[in-house]
Each structure stands twice: as structure tokens, then as C-alpha cells.
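Structure of the sequence below:
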Amino acid sequence: MKVTANGIILLFMAIILLNCSTSQITVRKQALKKVKTVAIMPFEVVDQTSKNNQKVTIEGEEILRGALLKANFDIVEREKLLKVLAKSEVPLGAKKNDVTSVAKIENDAKVAKKTQTKMNLNHDTVELINKAKLLKADAVLVGKITDNRVIVRKIKKIIPVESNEKDKKSETKELIITQAFVKYQVFLRLVSAVDGKTILTIHNQSKPQEVEENEIPEEVLEQYRRKILSQIGDDIVSAVNKSRD
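Residues are numbered from 1 along each chain as shown. A predicted model of the protein is given here:
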């Protein structure tokens with residue numbers, strides 16, 4: 001396939017790559033301009049060592065909700081979203097003699113299959129599109145928390161000891177100390193309700209933060225997480241504003 005110079009220029013106009021202080025962002029500029037209403041799906045925690053997952057996910061959703069509002073998007077209300085998600089699930093009590101429920105499930109499956117084949121999309125993306133349409137949203141924000149933990153490491157530390165005054169030799173001693181760090185990583189994706197393509201991606205590149213001796217690791221993790229999410233929110237607002245210029 002031959003790519004002309006004009007084609008390369010158009011490609012860079014369509015996709016913006018931004019390296020911010022803590023985040024790496026990709027944006028499809030033209031697609032983002034068409035988005036007015038966003039639905040924020042419940043975040044998923046894939047880090048199996050993470051604790052208090054419900055609190056962690058809601059915290060992330062709410063901070064980013066504030067950022068998207070600041071970027072002048074309309075946001076689907078959380079209560080409305082949860083109701084639609086609950087209704088879109090296959091009823092556990094649906095039986096073969098429940099004609100309405102079974103017919104609806106079968107029809108929804110057929111429609112989803114046609115959409116999947118027509119757009120060449122995977123099943124999860126088709127589900128996102130269907131939910132976005134039910135919510136009357138132009139796009140859906142999906143979040144995956146890949147790291148949310150306290151890391152404990154054994155570290156060798158060389159410390160000076162009192163020198164021998166007679167031979168004036170300085171001496172050192174090796175100690176094995178326990179050091180705690182906190183780490184938080186999240187990957188966000190804004191998906192179009194029109195074609196299922198990704199409009200924006202963002203993930204933080206923050207290094208683990210050391211926990212000081214007098215600090216409580218869990219409290220440091222919470223502060224660190226909120227700081228990162230706030231920075232990601234600022235980075236999103238900045239990226240959206242640049243794409244609208």
C-alpha cells in the first residue's frame with residue numbers, strides 16, 4: 001500500500017498523540033468533535049491484589065465525571081446508567097415458557113450478531129454500542145484499573161558505623177530493610193456509539209511512590225490514587241480543548 005505525503009499529514013491531523021506529565025493520550029480529533037454526551041461505565045479492577053474495589057472504582061468514575069463536565073460534555077446520570085445496565089442483563093429467571101423474555105433475548109442476540117458481522121467488531125464492543133444507544137449517549141468511557149496496591153520490597157542499605165579511633169578506618173554495615181511503595185495504573189478508553197471505534201485512550205505512566213517511615217501505606221495509596229486521577233482529569237480536559245481548536 002502506497003502512502004503519500006498528504007496521506008501522512010492527514011493521518012497526523014486525525015490522531016493527536018499527547019505525552020502529558022503523568023499520562024499518554026491518543027485522540028481521534030474529528031470523532032471527538034462529534035461527541036456531546038458520554039456514559040461512564042462502571043470501572044473494572046483487573047488487579048487481583050486490589051482491596052476496597054467498589055470504593056476504588058466509584059472514586060475513579062466520580063473524579064473523571066468532574067473532568068468530563070469541566071470539558072463541557074453532558075454526562076449520563078449514574079442512576080439512569082445503572083438502571084439501563086440492570087435491564088440489559090439477561091434475566092436469570094427467564095424460562096422457556098416466558099415467551100416475552102425469551103423472544104426479547106433471542107431478538108437482541110440476533111441484532112447484536114448482525115451488528116458484529118457488519119462492523120467487524122467483537123462482542124464486547126457491540127454490547128457497549130447497544131448500551132450507549134439505550135442511554136442516548138454519543139460515546140462510552142470504559143476504565144480498567146490494572147494496578148492498585150501496596151508493594152513491599154526488601155532492600156539492602158549500607159550505613160556507616162563508628163570508626164575505630166586507633167586505626168582511623170571508616171566502617172560500614174549492610175542492613176536489610178523493608179520498604180513500602182504504592183502503585184496505581186488505570187487505562188481509559190472512549191468508545192464511539194456510532195461505529196464502536198476508539199475515540200480517545202489514556203493511561204498514566206506514574207512511577208511507584210515510596211512510603212515514608214511514619215506514613216500508613218493504605219492512606220498514602222489513597223492520596224496517591226486521587227492525585228493521579230485528578231491529573232488524568234486535567235490531561236483529558238487539556239486534550240479535549242486542543243482537539244476542539
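
Tell me the strands beside the longest strand anywhere in the chain, with direction?
In the chain, taking DSSP state E as the definition, the longest strand is strand 139-164. According to DSSP bridges, strand 139-164 forms sheet pairs with strand 37-40 (parallel), strand 44-45 (parallel), strand 169-192 (antiparallel).

Can you add distance to residue 134 and mean neighbour count and give the ones you listed back as a markdown table?
In this view, the C-beta of every residue, glycine as well, is placed from N, C-alpha and C. As requested, the strands paired with strand 139-164 are arranged in a markdown table below (distance: least, CB to CB, whole Å; neighbours: other CB atoms under 10 Å):
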| stretch | distance to residue 134 | mean neighbour count |
| --- | --- | --- |
| strand 37-40 | 9 | 22 |
| strand 44-45 | 20 | 17 |
| strand 169-192 | 14 | 16 |
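
which one of those strands lies closest to residue 73?
Set against residue 73 and scored by CB to CB, the strands paired with strand 139-164 come closest in strand 37-40, at 4.9 Å.

In CSV, could you pull the C-alpha coordinates for the closest one?
Provided in CSV are the C-alpha atoms of strand 37-40 (Å, rounded to 0.1, in the frame of the first residue of the first chain):
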residue,chain,number,x,y,z
THR,A,37,-23.0,13.1,25.7
VAL,A,38,-20.8,10.5,27.5
ALA,A,39,-21.9,7.5,29.6
ILE,A,40,-19.3,6.4,32.2
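
Please state the offset of that strand from the chain centre?
Centroid separation for strand 37-40 versus its chain: 14 Å, with CA atoms, centre = their mean, to the nearest Å.

Stretch 237-245 now?
19 Å.
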